[in-house]
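Asker: just coords:
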């Protein structure tokens, strides 16, 4: 493995990687007055939930700067947030898990936009479209939060924002500013760079942002599999190499803003392209993904309060097939171990399995903060979102022949929402927040058909495509959900060394299009519809009801008056009615007696409503240890525990993180900022048996991060997994990163191997401002 640093190449790649494009904007935000940095005026932003109700965790700019050379996955910048974990996916697209609730169960806003994963494997989640170098702020509401930032979710809310537009100080001359950076990581030979440039007067601003990142497969801390075969002639992988973990992506943005008399108008166009992102826990790989988004925002300050309005439009074109580590040719028969090229494509010759997804997402929001008096604030707002999706699989031979498989045809999901929220300062010690939110969600889809609409297959290839499509098409597929969210929060401040916040909430989420409308019981189709990375196949369910969570929680915050030390503890309990879990399928091509009883193979499941509970506790703290002649030392830590159970079956919920903690020793002196971090995770043995979820051993890791900053330059150096420990990621899913992944249980990959974490990774980053 070569250790090369290529900042110049990274910068060139950013400049010439695609169409010109921009920077992001704070989610549902409003200006709160300028902050002057030298001759630059940067308009600050303020979430609608201005008071900090909901115990939000904000990722500091220093944390973002320190972590961004270590990752190209923006979600993982939130690794120090209490209760936050990550479901493994591709190298830039892990799925945030907040207190045991993942993916669509959390609302994720990127520059105020509700972006939606448009893929049967959710390979393109919202945060995958925001490069770490572009992040200006990340805020997490982990549980009970204001209804103004909630909606269509039962977990938490993540608000992510890119760089705010700069403006010159009033009356100053033209302001120009910029930044260029590069990084290199040894494991996977990952490298990339970023460029930012802006020019502004006191009323007009224009900015360009670009970034590029790529990586080869990463290596684990030791061997974890028994074969090097990929199913492709002449190609093999080392026993410690995590197949299908490579990626390549670039982002470009163009932003324009106007301000004056307390008004700000911003327009931002973004183009994101990921020509390759491979997935070690999915049967397919993303071999092209293009997103374009248009975001127009108005924010105004008035004597009565603040007004924020936004309209946006997003298009996604997504293409999947088998990447270089997964078998492509099936010309010699399904059961052979190596695929040999064949032609022409026919019923006896299959080349790959192309899958396409195209979506359009148009939305608008309006929100106002109305100052009723000195102690009372009213927030009101509305939301509309129109989302369409088509998911189709062209013929590629073999069983995927002779026509096109329509996975979702003319899918549509529309949201309309209204909210009202009253925040009141009762006295010096008590503050309250009451809110209600109503959302109407309408969903529909067209008729479908399989590759061959005239047959159900034969012999060992019985697939029930004709039968399943006919049954689906004969039903009324239009669904309308009327969802209510309610929140009541109170904060008590008995002294300048303690705060107590407690509350109750009702949150509701409607199913997504893939949960409701995927229709085939054929195992080969079902395994391609999997958003959780467990290697199993999934079938949709037209009869799914919305999930409703009733949650209680409390946060006790003890701290010094000057916050030189603090400790927070948040116990929580949530009961979810109509939780969308899974059952072994009971009727259809793959719903055999063996499928219903096996405990050591991949299986075919169907989404189904059940009752569930989740409870746990998050503890976090920090303290200044000492101020010495060799620097200031501090300590910070996070501990999280969550338990999730299906109340109807007693089974564990899927992808629940075991007890885990991280402790960091910090050191600062002059321009130095250093961190030594230790992570501990206990054994995972409370698993989802219906999914044959894998148990994982406990482990410990050590990370080292060093940085030195000048006024206009910064250099970072670090080592992740310092002692090259081997471990399985508890939320990593099943390893299906190489071999004949088209079939449910092909032998290679075989059930029983998890996705390991990365071995030792040495990284460095350089950032220059001008």
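Answerer: That came through, no problem. Note that this is a predicted model, so its numbers are computed, not measured.

Asker: do I have it right that residue 361 meets residue 313?
Answerer: Yes - in this structure, residue 361 is within contact of residue 313 by CB atoms under 8 Å, at 7.2 Å. For glycine as for every other residue, the C-beta is placed from the backbone atoms N, C-alpha and C.

Asker: more neighbours: which of those two?
Answerer: Each of residue 361 and residue 313 has its neighbours counted (other CB atoms under 10 Å); residue 361 has more, 22 against 16.

Asker: which residues touch that one?
Answerer: 114-116, 312-316, 385-387 (CB atoms under 8 Å, 6 or more residues apart in numbering).

Asker: report the buried members of those residues.
Answerer: The neighbour count (16 or more other CB atoms under 10 Å) marks 114-116, 312-314, 316, 385-387 as buried among the contacts of residue 361.

Asker: I'd like to know which of these is nearest to residue 742.
Answerer: residue 316 (24.5 Å; CB to CB).

Asker: may I ask which helix or strand encompasses the closest one?
Answerer: Per DSSP states H and E, residue 316 falls inside strand 305-321.

Asker: which other helices and strands does that strand contact?
Answerer: Packing partners of strand 305-321 (3 or more CB pairs under 8 Å, 6 or more residues apart in numbering; DSSP states H and E): strand 29-30, strand 113-114, strand 285-302, strand 355-371.

Asker: just the buried positions in that strand, please.
Answerer: Applying 16+ other CB under 10 Å to strand 305-321 flags 305-314, 316, 318-321 as buried.

Asker: and stretch 425-443, how far from the chain's centre?
Answerer: When C-alpha coordinates are averaged (CA atoms, centre = their mean, to the nearest Å), stretch 425-443 and its chain have centres 26 Å apart.

Asker: stretch 617-636 too?
Answerer: That offset, for stretch 617-636, works out to 30 Å (CA atoms, centre = their mean).

Asker: in that stretch, which residues are buried?
Answerer: Buried residues in stretch 617-636, defined by neighbour count with 16+ other CB under 10 Å: 617-622, 633-634, 636.

Asker: setting aside sequence neighbours, what's the nearest residue to residue 448?
Answerer: residue 406 (4.2 Å; CB to CB, 6 or more residues apart in numbering).

Asker: surely that neighbour meets residue 389?
Answerer: No - assessed by CB under 8 Å, residue 406 is found out of contact with residue 389, at 11.8 Å.

Asker: now do the contacts for residue 350.
Answerer: Contacts for residue 350 were tallied using CB under 8 Å, 6+ apart; they are 329-331, 396-401.

Asker: repeat that for 10 Å
Answerer: 328-331, 333-334, 339, 342, 395-401, 742 (CB atoms under 10 Å, 6 or more residues apart in numbering).

Asker: what bridges to the most centrally placed residue in the chain?
Answerer: Centroid check for the chain by CA atoms, centre = their mean gives residue 95 as the closest residue, at 3.5 Å. When bridges are called by DSSP bridges, residue 95 pairs up with residue 87.

Asker: return the distance of it relative to residue 737.
Answerer: According to CB to CB, to the nearest Å, residue 95 stands 17 Å off from residue 737.

Asker: just the helices in the stretch 201-350 of the chain please.
Answerer: Ranges of helices in the stretch 201-350 of the chain, per DSSP state H, counting those that start in this stretch: none exist.

Asker: low-confidence ranges in it?
Answerer: Along the stretch 201-350 of the chain, the parts satisfying pLDDT under 70 run over 332-336.

Asker: ok, the buried residues of strand 305-321 vs residue 488, which is closest?
Answerer: residue 305 (22.7 Å).

Asker: check contacts around the closest one.
Answerer: Shown in contact with residue 305 (CB under 10 Å, 6+ apart): 30, 368-372, 377-379.

Asker: quick one, which of those residues are buried?
Answerer: Buried by 16+ other CB under 10 Å: 30, 368-369, 377, 379, out of the contacts of residue 305.

Asker: thinking again about what came up before, save the helices and strands packed on strand 305-321 as a markdown table, and put in distance to residue 642 too.
Answerer: Below are these laid out as a markdown table (distance: least, CB to CB, whole Å):
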| stretch | distance to residue 642 |
| --- | --- |
| strand 29-30 | 30 |
| strand 113-114 | 26 |
| strand 285-302 | 30 |
| strand 355-371 | 31 |
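
Asker: how near is residue 252 to residue 270?
Answerer: For residue 252, the distance to residue 270 - CB to CB - is 8 Å.

Asker: swap that for residue 431, please
Answerer: 37 Å.

Asker: the more surrounded of those two?
Answerer: Higher neighbour count among residue 431 and residue 270: residue 270, with 27 against 21, using other CB under 10 Å.

Asker: isn't that one up against residue 314?
Answerer: Yes - Residue 270 lies in contact with residue 314 (CB atoms under 10 Å); the separation is 8.9 Å.

Asker: joint contacts of those two?
Answerer: 110, 113, 129, 291-295.

Asker: closest one of these to residue 570?
Answerer: Of the shared contacts of residue 270 and residue 314, the one sitting nearest to residue 570 (CB to CB) turns out to be residue 110, at 25.7 Å.

Asker: which of the contacts of residue 350 count as buried?
Answerer: 328-331, 334, 339, 342, 395-401, 742.

Asker: may I have the beta-bridge partners of the closest residue to residue 346 other than its chain neighbours?
Answerer: Distance criterion CB to CB, 6+ apart; nearest residue to residue 346, sequence neighbours excluded, is residue 397 at 5.6 Å. Beta bridges link residue 397 to residue 400, judged by DSSP bridges.

Asker: and if you look at residue 719?
Answerer: With DSSP bridges as the rule, residue 719 is bridged to residue 704, residue 762.

Asker: that one contacts residue 759, correct?
Answerer: No - counting by CB under 10 Å, residue 719 does not reach residue 759; the two are 11.0 Å apart.
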